[in-house]
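Trainee: Got a predicted structure plus its sequence, pasted below:
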Amino acid sequence: MVQIGFYLKKMQTYAGRSFYLYLVGMVAISFLESISIYMIIPMLSLIGIFKLQTGAIPLLEPLTDVLHRLPVSGALPIILFLYLFLIVGQSLLQKAQTVSGTKLHQGFIKHLRTDIYKTLLQADWSFFLRKRRSDISHLLTSELARVSQGTILTLRLMTSLLFTVIQIVFACWVSMKLTLLVLAAGLALSLFARKFIRQASALGDATTELSQSYFSGITEHFNGIKDIKSNQLEQAHYTWFQQLCTKMEDNQIRFSSMQTTSQAYYKIASAFMIVLCIYLSISVLHVGAGQLMLVVVIFSRLWPRFTDIQSSLEQIMSSLPAFKSVLNLQKECEEAYEAGIVESKDNVNVDLTDSRSIECRNVSFRYHSDAQAPYVLRDISLQIPAKSMTAIVGKSGAGKSTLIDMLIGLIQPLQGEVVVDGVALTDSNRTSMRRDVSYVSQDPFLFHTSIRENLLLVKADAKTEELWEALAFAVADEFVRKLPQGLDTIIGDRGIRLSGGERQRIVLARAILRKPAILVLDEATSALDNENESRIQQALDQLKEKMTLIVIAHRLSTIRNADQVIVLDRGSIIQRGAYQQLAREAKGTFSELLAFQSGANA
Ligand SMILES: Nc1ncnc2c1ncn2[C@@H]1O[C@H](COP(=O)(O)OP(=O)(O)OP(=O)(O)O)[C@@H](O)[C@H]1O
């Protein structure tokens, strides 16, 4: 229940006064409802409609004298009018309360969604290395929907509790003995009902696990649909999906069956309790017919509240795992908080010149915190001069991408430091440095929208001429002009309607459009044909006069004009120097790579 308490606290922090107003409204409605129901019977008895020993009822005392002095024909309309007045007042208040409850709930959910989204965006890269993307999507959709449902139920539970407490107070005024009898019966029942709450919690855990598998499964399957189709893996995936759906179906049926059992149990137990209470009222407490009527009224008002509380508790318990998951994600994000992103005021702008030279001083890194885990980068020291092209080469798995991630501040060294323009990168300046970087990855990402919008993403106010200029630089202008809608052509999910090489060129154009101080290309031209690749190479030669270029390329012709080549092997620098110089070192790894490629191209 700690999680629910946390969310109630969050709701109260978010809504402030409205939260308390909502609670006050609840108390008022409950008060009016209790007065109207519990008072009508004693008041009717006061004017002699029927006989009932009510004893001293504090609220009625001022009315008693007035009512006694009036004839029945005069008092009855007053009582009935009073009753109508209370019911109408309560209904109007209830209507306003429902609207404010919806506003409170919807506002809170919006707040929660944006809050979680923001903390996610503020988490550093190492957080995303640990997390499955599908788990994040699952949390932001399915789990948040359950949290939303849980919030409504929590508000309903609070309302029910308030109603119950106030009705108990009123019922005690009317008859202390009878109310205690009903309460004792309710308490006995709730002890037996605890097992249903435990079952609901276990079923809620299973729901979270199953829906997480469902989400990750379908995300992965449709991301890999091309492989599935081309390797005829449909049957295996369909069987997996069918089995998972059967488990989800079973889980829901078990929850529904648990709830109906609990409700049936409550109804049957209620009948026994009513029979027992009526028997005890007549045989042991010797109450009259009027008092008996009160027993029925108290039961009929209080008992549905008990059932409501029980049912809300079961449902809240089943949505509790979703509360826990959301809470854990928020905690993890906060632990991985990276300053200076999304409306953050705590960003410290590092005083960099616009030249952007980068230096690594004895940097080491490994992905796992485990002391036995191997280092992926080992004691790396290097200089990347501003406005020049540095190429990083090496065999697959040598640590090239990891080194790039380190240079642009996505990951932090375990030992050593990265220095930009003489300023060491720290938690407070890392993100401000990244603002000057354009990064094009091995697997470039495009949104399912037009080419224009994909480009404008990095520079919203760019003019059309600027877009064409960037496209020309990336050797993409020709093919874009030939597309049916030119710049406004929709390129499909992740740019699926374009070829791999076309996608790479659009992403390169987007990177250049930003006019960054540092341009990083991680295998960014791997899908290009020789002609386009050579044209991009010429474009890069022009760019290096304006910005610092860092290029990873397996195809060594791309880096022919690099000012510096760094050769990595198993996380260490084994060679460095100008391209031609390394090519001449006959025994070096670089000339081996070069010889292998020229052999392969021959
Ligand atoms: N997120 C990760 N968690 C754990 N290990 C990782 C992670 N990413 C990379 N590695 C490991 O770190 C090592 C270096 O990987 P990296 O991607 O930097 O190599 P690379 O030289 O860029 O390879 P490639 O040329 O194939 O892209 C590899 O052994 C890889 O298995």
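Mentor: In hand now; what should we look at? Numbers count the residues shown, from 1 in each chain.
Trainee: hey, let's count contacts and neighbours off CA atoms from now on
Mentor: OK.
Trainee: residue boundaries of the strands in this structure?
Mentor: Under the criterion DSSP state E, strands of the chain are mapped to 358-365, 377-384, 389-394, 415-420, 423-424, 437-440, 518-522, 548-552, 564-569, 572-577.
Trainee: Below-threshold pLDDT in the protein: ranges please.
Mentor: Residue ranges of the chain with pLDDT under 70: 1-4, 7, 34, 36-75, 174, 288-291, 294-295, 298, 339-355, 598-602.
Trainee: Could you list the residues of it in contact with the ligand?
Mentor: The chain has residues L129, Y367, V376, S396, G397, A398, G399, K400, S401, T402 near the ligand, with proximity defined as Cα under 6 Å from any ligand atom.
Trainee: residues of stretch 212-219 that come out buried?
Mentor: Neighbour-count burial for stretch 212-219 flags Q212, S213, Y214, F215, S216, G217, T219 (criterion: 16 or more other Cα atoms under 10 Å).
Trainee: same deal with stretch 359-371?
Mentor: So stretch 359-371, judged by 16+ other Cα under 10 Å, has buried residues E359, C360, R361, N362, V363, S364, F365, R366, Y367.
Trainee: now stretch 181-193
Mentor: Buried residues in stretch 181-193, defined by neighbour count with 16+ other Cα under 10 Å: L181, V182, L183, A185, G186, L189, S190, A193.
Trainee: Which residue is it, in the stretch 151-300 of the chain, that comes closest to the ligand?
Mentor: E220 (17.6 Å; Cα to the nearest ligand atom).
Trainee: Could I get the full set of helices for the stretch 1-150 of the chain?
Mentor: Ranges of helices within the stretch 1-150 of the chain are 2-15, 17-46, 61-69, 72-121, 125-130, 133-138, 144-174, based on DSSP state H, counting those that start in this stretch.
Trainee: which helices and strands sit right next to the first one?
Mentor: Applying 3 or more Cα pairs under 8 Å, 6 or more residues apart in numbering; DSSP states H and E, one finds that helix 2-15 makes contact with helix 17-46, helix 72-121, helix 289-335.
Trainee: what's it in contact with?
Mentor: Under the contact criterion Cα atoms under 8 Å, 6 or more residues apart in numbering, helix 2-15 has outside partners F19, Y20, L104, F108, H111, T151, T154, L320, F323, K324, L327.
Trainee: Filter the residues of the chain next to the ligand down to the buried ones.
Mentor: Counted by 16+ other Cα under 10 Å, these give Y367, V376, A398, G399, K400, S401, T402 as buried.
Trainee: Okay, and which of these map to helices?
Mentor: K400, S401, T402 (DSSP state H).
Trainee: Render the CA-only coordinates of stretch 87-103 in CSV, please.
Mentor: Provided in CSV are the C-alpha atoms of stretch 87-103 (Å, rounded to 0.1, in the frame of the first residue of the first chain):
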residue,chain,number,x,y,z
ILE,A,87,-31.8,15.0,-1.7
VAL,A,88,-31.8,17.8,-4.3
GLY,A,89,-28.9,19.5,-2.7
GLN,A,90,-27.0,16.3,-2.4
SER,A,91,-27.7,15.4,-6.1
LEU,A,92,-26.5,18.8,-7.3
LEU,A,93,-23.4,18.6,-5.2
GLN,A,94,-22.8,15.1,-6.4
LYS,A,95,-22.9,16.3,-10.0
ALA,A,96,-20.4,19.0,-9.4
GLN,A,97,-18.3,16.6,-7.4
THR,A,98,-18.2,14.0,-10.3
VAL,A,99,-17.0,16.7,-12.7
SER,A,100,-14.3,17.9,-10.3
GLY,A,101,-13.3,14.2,-9.6
THR,A,102,-12.9,13.6,-13.4
LYS,A,103,-10.8,16.8,-13.7
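Trainee: Which positions within it qualify as buried?
Mentor: For stretch 87-103, burial by neighbour count (16+ other Cα under 10 Å) applies to I87, Q90, L93, Q94, Q97, S100, G101.
Trainee: One more: stretch 435-454?
Mentor: Going by neighbour count (16+ other Cα under 10 Å), the buried part of stretch 435-454 is 436-442, 444-454.
Trainee: same check, this time on stretch 545-554
Mentor: K546, M547, T548, L549, I550, V551, I552, A553, H554.
Trainee: got the contact list for the first one?
Mentor: The neighbours of K546, taking Cα under 8 Å, 6+ apart as the test, are K387, A517.
Trainee: Find the nearest non-adjacent residue to I197, please.
Mentor: Once flanking residues are discounted, I197 sits nearest to E314: 5.0 Å by Cα to Cα, 6 or more residues apart in numbering.
Trainee: Tell me how far that neighbour lies from the ligand.
Mentor: According to Cα to the nearest ligand atom, to the nearest Å, E314 stands 40 Å off from the ligand.
Trainee: how about that residue, what does it touch?
Mentor: Counting by Cα under 8 Å, 6+ apart, E314 has contacts F196, I197, A200, S201, Q259.
Trainee: same deal with R494?
Mentor: R494 makes contact with F445, L446, F447, H448, according to Cα under 8 Å, 6+ apart.
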